[in-house]
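S.K.: would you be able to build a 3D model of this:
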Amino acid sequence: MRNLTMLMDYYELTMSNGYFIHGFQDKVVVFDMFYRKNPDDGGFVVTAGLEQFIDYIQNMKFTDEDITYLRNKGEFSEGFLEYLSNFKFTGSIDAVPEGTICYPNTPIVTVTAPVIEAQLIETMLLLTINFQSLIATKASRICRAANDAGSIVMEFGARRAHGGDAAIYGSRAAYIGGADATATVIADEMFKIPAIGTMAHSWIQFFDSEYEAFKAYAEVYPDNCVLLIDTYDILKSGVENAIRVAHEVLEPMGKRLKGVRIDSGDLAYFSKKLRKKLDAEHMQDCKIVVSNSIDEFLIKSLQKQGAKIDSYGVGERMITSKSDPVFGGVYKLAAVQNDKGEFVPKIKISENVDKITNPGRKKLWRIYSRETGYGLADLLTFYDEEVDVTKPYAYVDPIKPWKKMKFENVDVKELHVPIFKDGALVYNKPSLEEIKDFVAYQLDNLVWEEEQRYENPHTHYIDLSKRLYEVKESMLESVE
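M.R.: Model (predicted):
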């Protein structure tokens, strides 16, 4: 495994050196990692990347080469360099389980650790959670659009991804979000995501004729033969040669043509023409697969046009989340422990109201309707507060704080689970299949359909306990 310890912003080191020189290395702090806006103006985010962050924490080690590099920078004290040479994460981390449906301004990960330890892990935490959550969320949108019409989605993004790691972990995130398979072989090798693929246009061009190319492929792969039919002419050549191979090569072997694929042209028009031709040849079981700059919006449009598409190969628009390619997760200080062991709340104030943070060491709860089972709201409280819903529970809607609000006839669940406790991993990492199934379960049973709309989705409520709201308001007033 690569040592990625030094994958951090330089200011993590300059701040940490400063904390060390001032003797603060044992001062415990609390940081929250959260985001402020759903990608594509959607209703929620599918969180992903926690497993890779866990791996990073477990393998953090500054090598002799790292220390030499930092010494040569001439900015770091020898005491701090010695501290780094013996570095081991000793803090605690709580997080929502990977695959959890989350909403803006709620902590996905909370780090409680000595300040230098909490600071040094910031970049990798943001990198892993931001990227994979972005791709998992985009994949969820695309796959839900396809699944509405009974179609499946295959991830074809490696050649358009922003580098090797983006291809590998983007494939993982896409699978979490709902993709059925990948074209990226290493993702199958590493994560057991089913790898699929047949041929490129170059295979057809290599042979003297399209028919010979199809025949040669069918002879090698009779059990999984999908033919790419748009190299020359989809209707006059491609599908006719595919049908001929199906009848003359595969059927005498007792095999069936699994599918035909097109990568260009008017996908709705051609899919309908192809379905009619194939059905007329008693090939109703032959699937129609399409690719070519596909996303959830195109899929919905194709469905409205009556397209006859069984599978979508989705590449660049999913692996880069092309329509909204930046996930704005941030990592903000929430509390500092004093000499009495109490966590003193800290707040960041901004001219932009959306950037004002929720102070203190907190718990994240989800409130569920007993009538429907769906999530009504998320609730933030201080870490030492409990939420008793056996009776009406009064809370504050920070958007409408003047309203008298109470939760009634609800169930409640604390969302964070312990990941690391005093430096030790205490979390049993679920399998990728379990994470994928968890996402699907939530969307089927716990998330309102209104939140799953692609345009103008319902806004999930993020509420505060009365105590947390009052502390936040007093801190804002004291700064003014």
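S.K.: contacts and neighbour counts: CA atoms only from here.
M.R.: Will do.
S.K.: got the confidence number for residue 424?
M.R.: pLDDT, the model's per-residue confidence, is 98 for residue 424.
S.K.: that one: neighbouring residues, count only.
M.R.: Counted with other CA atoms under 10 Å, the neighbours of residue 424 add up to 14.
S.K.: what about residue 112, which SS state?
M.R.: strand (DSSP: H, G, I helix; E, B strand; the rest coil).
S.K.: that one: neighbour count?
M.R.: Here the count is done by other CA under 10 Å, and residue 112 has 25 residues near it.
S.K.: for the residue lying closest to it once chain neighbours are set aside, list the residues it contacts.
M.R.: The shortest distance from residue 112 to any non-neighbouring residue, by CA to CA, 6 or more residues apart in numbering, is to residue 30 (4.5 Å). For residue 30, the contact set (CA atoms under 8 Å, 6 or more residues apart in numbering) comprises 110, 111, 112, 113, 118, 333, 334, 335, 336, 360, 361.
S.K.: hmm, 7 Å instead?
M.R.: 110, 111, 112, 113, 333, 334, 335, 336, 361 (CA atoms under 7 Å, 6 or more residues apart in numbering).
S.K.: quick check: longest helix of the protein.
M.R.: When the chain is parsed with DSSP state H, its longest helix is helix 122-147.
S.K.: buried ones in that helix?
M.R.: 122-146 (16 or more other CA atoms under 10 Å).
S.K.: the residue nearest to residue 123 when sequence neighbours are not counted: how many residues sit nearby?
M.R.: If the residues on either side of it in the chain are set aside, residue 123 comes closest to residue 8, at 5.0 Å by CA to CA, 6+ apart. Residues contacting residue 8 under the criterion other CA under 10 Å number 17.
S.K.: for the closest residue to residue 120 other than its chain neighbours, give me phi and psi.
M.R.: Spatial nearest neighbour of residue 120, chain neighbours left out: residue 12 (5.5 Å); criterion: CA to CA, 6+ apart. Recorded main-chain torsions at residue 12 are phi -60, psi -40, according to degrees, to the nearest 10.
S.K.: tell me the spacing between residue 12 and residue 54.
M.R.: Distance of residue 12 to residue 54, computed by CA to CA, to the nearest Å: 19 Å.
S.K.: same deal with residue 438?
M.R.: Applying CA to CA, one obtains 19 Å for the distance of residue 438 from residue 54.
S.K.: next one: residue 241
M.R.: 51 Å.
S.K.: more neighbours: the two, which one.
M.R.: Shown here are residue 241 and residue 54; by other CA under 10 Å, residue 241 has more neighbours (22 against 18).
S.K.: elements contacting the one helix or strand the more buried one maps to?
M.R.: Remark: residue 241 resides in helix 239-245, with elements defined by DSSP states H and E. Helix 239-245 sits against helix 210-220, with contacts defined as 3 or more CA pairs under 7 Å, 6 or more residues apart in numbering; DSSP states H and E.
S.K.: now the helix it packs on: buried residues?
M.R.: By neighbour count, and taking 16+ other CA under 10 Å as the criterion, the buried residues in helix 210-220 are 210, 211, 213, 214, 215, 216, 217, 218.
S.K.: next one, pLDDT for the residue nearest to the first one when sequence neighbours are not counted please.
M.R.: Right, the one you point to is residue 210. Sequence neighbours aside, residue 204 is the residue nearest to residue 210 in space, at 5.6 Å (criterion: CA to CA, 6+ apart). Residue 204 carries a pLDDT value of 98.
S.K.: residues in contact with the host helix or strand of residue 204?
M.R.: Assigning secondary structure by DSSP H and E places residue 204 in helix 201-206. Residues lying outside helix 201-206 but in contact with it, judged by CA under 7 Å, 6+ apart, are 210, 213, 231.
S.K.: which among the residues you listed gets closest to residue 182?
M.R.: Within the set of these, residue 231 lies nearest residue 182; the separation is 22.7 Å, counting by CA to CA.
S.K.: which residue is the nearest non-sequential neighbour of that closest one?
M.R.: residue 201 (5.9 Å).
S.K.: wasn't residue 11 part of a helix?
M.R.: Yes - under the criterion used here (three-state DSSP), residue 11 sits inside a helix.
S.K.: ends of stretch 64-80, what's the gap?
M.R.: End-to-end span of stretch 64-80 (CA to CA): 14 Å.
S.K.: give me the distance from it to the chain's centre.
M.R.: Mean-position distance between stretch 64-80 and its chain equals 36 Å (CA atoms, centre = their mean, to the nearest Å).
S.K.: in the helix or strand hosting residue 467, which residues are buried?
M.R.: Of the helices and strands defined by DSSP H and E, residue 467 is found in helix 466-479. Using 16+ other CA under 10 Å as the test for burial, helix 466-479 gives 466, 468, 469, 472, 475.
S.K.: and that helix, what does it pack against?
M.R.: If you count contacts as 3+ CA pairs under 7 Å, 6+ apart, helix 466-479 packs onto strand 393-396.
S.K.: could you report the neighbour count for residue 153?
M.R.: Residue 153: 27 surrounding residues under other CA under 10 Å.
S.K.: SS state for it?
M.R.: Each residue gets one of three states, and residue 153 gets strand by three-state DSSP.
S.K.: which residues does the closest residue to residue 394 other than its chain neighbours contact?
M.R.: In space, and not counting its chain neighbours, residue 394 is closest to residue 406: 4.3 Å by CA to CA, 6+ apart. Contact analysis of residue 406 by CA under 7 Å, 6+ apart lists 392, 393, 394, 395.
S.K.: so what are the sheet partners of the helix or strand where residue 406 lies and their directions?
M.R.: Using DSSP H and E, the secondary-structure element containing residue 406 is strand 405-407. When sheet partners are counted by DSSP bridges, strand 405-407 sits next to strand 393-396 (antiparallel).
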